[in-house]
Structure formats: C-alpha cells, structure tokens
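Trainee: Provide a 3D model corresponding to the input given below.
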Amino acid sequence: MRTPPPVLPDRDGPPAPPRLGGGPDDALQAQAAAFGVLVFFLTMAAGGLMSAQGGSKAMGGLLGLVIPAALAGYGTYRGSLWISGRAGVVAKAYTLPDGDHTPYEEQFSLEESLAARGDVPGALAAYERVIAERPTAVLPRSRAAELYAGRGGNPARAAELFREIRAIEGVARRDALYACSRLVDLYDGVLDEPGRALVELRRIIEQYPGTPVATHARDALPRMKARLLEAQRQAGEPQ
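Mentor: Next comes the predicted model:
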C-alpha cells in the first residue's frame, strides 16, 4: 500500500505570542507608531496655521491643540495595528482555509543539512534529541522515521516512531493516517511481518471510513490476506 510523500504535520501548540526583539510584529508596531507621530505633527501644523490667524490668541490656540493632536496620533497608531491584524486574518483565511495548518512550520534545518551532507547518524542523533524532549511532536518523528526507513537502515525504529505518532493524544487525522499507511509499507516490505500489515489495514478501514486511504486499504486487504495464507500453506503452518 504505497502512499504519497509525507504531509508536514501541524506544529505542536499555538503560535508564540508577539514579542519585542526584531520580529515582524515589532516592525508593524514601529510602522504604526510612525503613522501616529506623523498624524500628531500634521494635526499640530494644521492647527497652528489656523491659530496663526487669531493674532494674540495664536499661542493659546496652539496649546489647546496638543491633546486633540495626541488623541488623533494615538488613534492612528491603534487603527494601523488593527488594520494590520485584520489583513493577517484575511490572508490566513485565503492561504490556510481548512484551519488545519499554521503559517509557521518548523524546518529542522540542522537535521536536514546533516542528512544532506551524508551525516545520517548525526542527523538521526539530532532528531532523537528533539524526540526525547518533545513527547508529542509529530514532525521530528515523521522525518526521523523516514530517514531510518531509508538511508538510516533501521526500519524497526522507523516503525516504532510511526506507532508513536499514531498513539499521540489529539494527533491530526492526516498524521495518524499517514503513520498507519507507512506501517503497512514497512510490515509488508522490509520488516516482513504481513500479519501486522493486515492489522494496520483493518485499523485504517475501521477508524477512517470513507477516506481514499481506507478505500485503498479495503482493496489491498483480500490480496494481502491471500498472500499470507499462501505463504503459510507453503511453509506447512496451520491456517
């Protein structure tokens, strides 16, 4: 039962709140503040020109503009932040309409760079450190499992990680489905455990009815069962 390439799982937990320190939120705040200051001085300048026509009352009129100008500037600052926030919400609604993703996706660039350079043991060790620290993290387990199943040469550990993904409480449906599908591939392939592959096929059919993967599993089940029975017959095992 072959499946498409991995779908990147959701990140663990909600996005971090805005914080100062050079991030995109700080840039928006700085821009909004600049607009507010600009409106303040423009309001003061316009009021000053109008007050200048009042002769001796000009200074008093100018001082009286400070509070309204400050309020106008602050209102512009807050309004700019609100508009920026709403623009972000609208953008997410169009780019992430299913609500099943987040705009930030952890990349694990260190681990990937190590693997790309051929240091598979180093990449796997780095993944294992992350896995040990984050018991509910899906993505490092998925990527480490794929590496173990391939160049890592340890399909048993790959299967263990896919089982961990499947067992994570609240795991996304797509991640659980993918883990089950990859377990079928491993059990029916390099691990040569067709009985466990059958169990995973039944799990997919029972737990995810109506999905394309379940349809595929339903088609594959009788063929795999027939192969298993034939292998048992040839080996002289009781059926």
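Trainee: show me how this protein divides into domains.
Mentor: Listed domain ranges for the chain are 24-95, 109-234 (source: automatic domain parsing).
Trainee: end to end, how far does the last one reach?
Mentor: Right, the one you point to is domain 109-234. End-to-end span of domain 109-234 (CA to CA, to the nearest Å): 49 Å.
Trainee: make residue 1 into 48 and carry on from there
Mentor: Taking 48 as the first residue, the last one we looked at is domain 156-281.
Trainee: ok, now which ones touch L171?
Mentor: Contact analysis of L171 by CB atoms under 8 Å, 6 or more residues apart in numbering lists A191, L194, Y195, G199. The C-beta positions use only the backbone N, C-alpha and C, and glycine is treated the same way.
Trainee: which element is encountered next along the chain beyond the host helix or strand of it?
Mentor: With secondary structure defined by DSSP states H and E, L171 is part of helix 167-180. Helices and strands here follow DSSP H and E; after helix 167-180, the next one along the chain is helix 186-196.
Trainee: what is the neighbour count of R250?
Mentor: 17 (other CB atoms under 10 Å).
Trainee: over to R220?
Mentor: When neighbours are counted by other CB under 10 Å, R220 comes out with 11.
Trainee: I'd say it and Q254 touch.
Mentor: No: using CB atoms under 8 Å, R220 is not in contact with Q254, being 9.2 Å away.
Trainee: thinking again about what came up before, just the CA trace of the helix holding L171, in PDB.
Mentor: The C-alpha coordinates for helix 167-180 follow below in PDB (Å, rounded to 0.1, in the frame of the first residue of the first chain):
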ATOM      1  CA  VAL A 167      22.900  10.300   8.600                       C
ATOM      2  CA  PRO A 168      24.000   9.200  12.100                       C
ATOM      3  CA  GLY A 169      24.400  12.800  13.100                       C
ATOM      4  CA  ALA A 170      21.100  13.800  11.700                       C
ATOM      5  CA  LEU A 171      19.300  10.900  13.400                       C
ATOM      6  CA  ALA A 172      21.000  11.700  16.700                       C
ATOM      7  CA  ALA A 173      19.800  15.300  16.400                       C
ATOM      8  CA  TYR A 174      16.300  14.100  15.700                       C
ATOM      9  CA  GLU A 175      16.400  11.700  18.600                       C
ATOM     10  CA  ARG A 176      17.400  14.600  21.000                       C
ATOM     11  CA  VAL A 177      14.300  16.600  19.800                       C
ATOM     12  CA  ILE A 178      12.100  13.500  20.100                       C
ATOM     13  CA  ALA A 179      13.300  12.800  23.700                       C
ATOM     14  CA  GLU A 180      12.500  16.400  24.700                       C
END
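Trainee: show me what counts as buried in that helix.
Mentor: V167, A170, L171, A173, Y174, E175, V177, I178 (16 or more other CB atoms under 10 Å).
Trainee: which single one of the contacts of L171 is nearest to E207?
Mentor: Y195 (8.7 Å; CB to CB).
Trainee: all helices for the chain, in order.
Mentor: 71-99, 105-111, 113-142, 156-163, 167-180, 186-196, 202-214, 220-235, 241-254, 259-281 (DSSP state H).
Trainee: lowest-pLDDT helix or strand in this protein?
Mentor: Counting by mean pLDDT, DSSP states H and E, the chain has its least confident helix or strand at helix 105-111, which shows a mean of 56.
Trainee: what about E216, how many residues nearby?
Mentor: 5.
Trainee: what's the burial count for the closest residue to it other than its chain neighbours?
Mentor: Excluding its sequence neighbours, the residue lying closest to E216 (CB to CB, 6 or more residues apart in numbering) is T183, at 7.3 Å. A count of nearby residues for T183, using other CB under 10 Å, gives 13.
Trainee: A219 is in contact with T183, correct?
Mentor: No: using CB under 8 Å, T183 is not in contact with A219; the gap is 11.5 Å.
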